Every structure is written in C-alpha cells, then in structure tokens.
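*Asks:* Give me the fold of what follows.
(one chain, ligands or ions: 1)
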Amino acid sequence: MLILRSSISPHIKVMSRKSVLVTGCSEGGIGDALAQAFQRKGLHVFATARSSSKIAHLSALPNVTCIVLDVTSTESIETAVQIVNTKTGGKLDFLINNAGLGIVAPAIDADIKDAKKMFDANFWGAVEMVQAFSPLIISAKGTIGNVAALGAILHVPWMSFYGASKAALVNWTEVLRLEMAPFRVKVVPIMTGFVHTNIFNQGHGTSLPRESLYWPAHKEIDARSAGSDVTEKMDANVYANKVVNDLTNGADGRIYRGGMSSGAKFITTFLPNSMVDKMMLGGTGLDKPAELQAIQAARKATKTG
Ligand SMILES: NC(=O)c1ccc[n+]([C@@H]2O[C@H](COP(=O)([O-])OP(=O)(O)OC[C@H]3O[C@@H](n4cnc5c(N)ncnc54)[C@H](OP(=O)(O)O)[C@@H]3O)[C@@H](O)[C@H]2O)c1
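*Replies:* So this is what the prediction gives:
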C-alpha cells in the first residue's frame, strides 16, 4: 500500500479531490478568505493573484497551488488554464471570479479611463475567465460563482460606475446560468454586502477634483470611499464560510451574503422606489439642505462665470 501511494503522481493526487480556482486572493481580502475556506473543506485550491507576494501566505497550506493571474490579461488566463488542466486532468469543479476594484466618484466627474479599467477587471475579466475555463467546468459539471455587489441592485450615489460594472456582471451571469443548465453547470451570482477587506484602503475618493460641482459633499464622498459610512461590515472569514457552504451544498442561482445583504434584498423586493431612493440619499451629502444648497450655488456660479 505504501509503495502504491508513493507511486501515485502529484497529478493523480490533485485529481482525487474536488478543485476550485479563486481570482484576486491577496491577503486580507474576500478571495483570500474564500480560498482558505475551500481549503478547510478539503478541496484542492488554485489561489491566484496579480502578485505572487500577495498570496505567499497561502502557498504553505496543503492542497494549495498558487498561480500569478491578472484577469485582464489573455496570456495570463491561458497560462492558468494550462496549469489547472495539467494538474486536474482537464476538470475544475468551482470557478470563483472574485477579483475586482471599486471607484468612488460622482457620475459626471469619474475619470472614464479609470472606469473602463474597472470594467475590464470587474466585468470583462470574469467573462474571459468563464470562457477560457468553460471546457474544464463543463467536464466537471461544476459551479461558477461570480462575486457581485449590492450596488448591482441599489442605486448608490458616488458609486455609479462600480454599481454599473456589477449590474452588468449580474445580468450576464443570470443569462449564463440559463445557458449552462443543459451541461449541468451551476451558476451563482454572489450578491455581496459589506465585508471587512482592503477594498476600503484604495483611496479612490481623493480623485474628486476641487472644481467638482459636488465639492461641498467631498467629506461624504471621502467617507464612502474609505467605507467609514458603513458600520455593518461582516468579517471576511464569516462571509467566506457561509458562501463556501452555499456553493458546496449545491447553490444554483443568486445568493445574498455579507453585511446588509438581506436588508438590501428585502427593500429592493418590497419597498417602492421612492422609499429606496430616500434611503440611498442618506449620508451622501445630497440629503443635507446646506450641502445641497452649496452644490446648487456652485452650479449657478459656473453658469454665470
Ligand atoms: N469588501 C466589500 O465590502 C465588498 C462588497 C461587495 C463586493 N465586493 C467584491 O468582492 C471582491 C473582492 O473585493 P475585496 O473586498 O476582497 O477587496 P480587495 O481586498 O481589494 O481584493 C480585491 C482583489 O482583486 C484583485 N484584483 C484587482 N484587479 C485584478 C486583476 N486585473 N486581476 C487579478 N486580480 C485583480 C486585487 O489584487 P491586488 O491586491 O493586486 O490589487 C485583490 O486581490 C471584488 O469583486 C469586490 O467588488 C466587496
């Protein structure tokens, strides 16, 4: 028996376990927590990130293969497919498209180049990953989980482009779900609420130009960018354990996880838009008479100036 075991190649050992690939696993983020939760469940994890140093902590864990992967690079995606294909013998049970970024800026001020870069990662990156890995996923009758956000269903001021990228992802994912059903592949839009991660350290709010009509609300915009306007952030490991349980228990279709996700589901299902709008304006500066007047005065000054 001993001889038999030692004669089994590492290749075969990986194939005997279910496998998962997670994008964007930098330390301290959702991808990191998801990779570790899948590893604890006994899967072989392909943990990926743009930089190897950001996933070095995962490489020491058993049954983890670290891969450098930028989801906006076709070459990088093709290399990852080859590695997974070789290790698993052509199957992948779970593909989790988690990599993403955020931009916080008024709709008429955001830099369109930045917004397009964000769409490249949040939307097109996930699309290209699914297309490239679909043969392996179909072979495994596997599951695709795409990490979306509440901004896909709520109209959140100062986050129009982020919400748009996630709304595009959700709609595309829901159609994918119908189209993958004949192959018995499950597809899960993961409607993610607030989670403690590095995303709030990216400092995008600092890009608000001083001449912006919305400058009177710059404190609220900065607070949104830093995530300090939200208190209900879920611990990343708590979130990841719930999502991994959902997925390994056979979820197919939308799930809601993370701080305030149940509340968002409730209000978008049962409350009239006018009530939801009022809630969305809270804490943005657009709800405060003084800020609103200053914004309107700024516009008048621009018109006459
Ligand atoms: N945290 C929340 O409250 C929250 C709420 C809703 C949805 N989400 C979503 O959850 C996902 C993970 O975010 P997070 O909160 O964990 O933030 P995070 O800690 O900043 O992690 C984002 C990850 O995505 C990676 N990434 C960005 N662009 C990439 C690219 N082109 N190729 C490969 N990886 C790339 C980042 O890599 P680098 O480290 O190299 O930048 C990082 O590993 C995102 O899709 C985000 O939109 C988060």
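
*Asks:* and the next element down the chain from the helix or strand that contains residue 113?
*Replies:* For residue 113, the host element (DSSP states H and E) is helix 112-119. With elements assigned by DSSP H and E, the helix or strand that comes after helix 112-119 is helix 125-140.

*Asks:* any idea of the mean pLDDT in that next one?
*Replies:* In this model, helix 125-140 has a mean pLDDT of 98.

*Asks:* May I have that helix as PDB, with CA atoms only?
*Replies:* C-alpha atoms of helix 125-140 as PDB (Å, rounded to 0.1, in the frame of the first residue of the first chain):
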ATOM      1  CA  GLY A 125     -12.100  39.800 -16.600                       C
ATOM      2  CA  ALA A 126     -14.900  37.500 -15.200                       C
ATOM      3  CA  VAL A 127     -16.300  37.000 -18.800                       C
ATOM      4  CA  GLU A 128     -12.900  36.000 -20.200                       C
ATOM      5  CA  MET A 129     -12.200  33.600 -17.200                       C
ATOM      6  CA  VAL A 130     -15.500  31.800 -17.700                       C
ATOM      7  CA  GLN A 131     -15.000  31.500 -21.500                       C
ATOM      8  CA  ALA A 132     -11.400  30.200 -21.000                       C
ATOM      9  CA  PHE A 133     -12.300  27.700 -18.200                       C
ATOM     10  CA  SER A 134     -15.700  26.600 -19.500                       C
ATOM     11  CA  PRO A 135     -14.400  23.300 -21.000                       C
ATOM     12  CA  LEU A 136     -12.900  22.300 -17.600                       C
ATOM     13  CA  ILE A 137     -16.000  23.400 -15.800                       C
ATOM     14  CA  ILE A 138     -18.400  21.600 -18.100                       C
ATOM     15  CA  SER A 139     -16.200  18.400 -17.800                       C
ATOM     16  CA  ALA A 140     -16.700  18.600 -14.000                       C
END
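
*Asks:* who does that helix touch, helix- and strand-wise?
*Replies:* Applying 3 or more C-beta pairs under 8 Å, 6 or more residues apart in numbering; DSSP states H and E, one finds that helix 125-140 makes contact with helix 74-88, strand 94-97, strand 143-149, helix 160-180. Where you see a C-beta, it was placed from the backbone N, CA and C, and this is true even at glycine.

*Asks:* Assign a three-state SS to residue 221, would you?
*Replies:* Assigned with DSSP: H, G, I helix; E, B strand; the rest coil, residue 221 falls in the helix class.

*Asks:* Contacts only, for it.
*Replies:* Residues in contact with residue 221, defined by C-beta atoms under 8 Å, 6 or more residues apart in numbering, are 104-106, 158, 205, 208, 214, 285.

*Asks:* Do you know the pLDDT at residue 303?
*Replies:* pLDDT for residue 303: 63.

*Asks:* same question, residue 3
*Replies:* 30.

*Asks:* re earlier: touching the ligand at all, the helix holding residue 113?
*Replies:* No - using C-beta under 6 Å from any ligand atom, helix 112-119 never reaches the ligand; the gap is at least 8.4 Å.

*Asks:* Show me the contact partners of that helix.
*Replies:* Helix 112-119 has contacts (C-beta under 8 Å, 6+ apart) with 72, 100-103, 161-162, 164-165, 168, 204, 207.

*Asks:* Likewise for stretch 66-78?
*Replies:* 21, 23-24, 46-52, 55-56, 58-59, 79-80, 83-84, 97, 99, 117, 120-121, 124-126, 128-129, 132.

*Asks:* Quick check: residues of the stretch 101-250 of the chain near the ligand?
*Replies:* 101-102, 121, 125, 147, 149, 192, 194-195, 197-199.

*Asks:* Nothing else from me, thank you.
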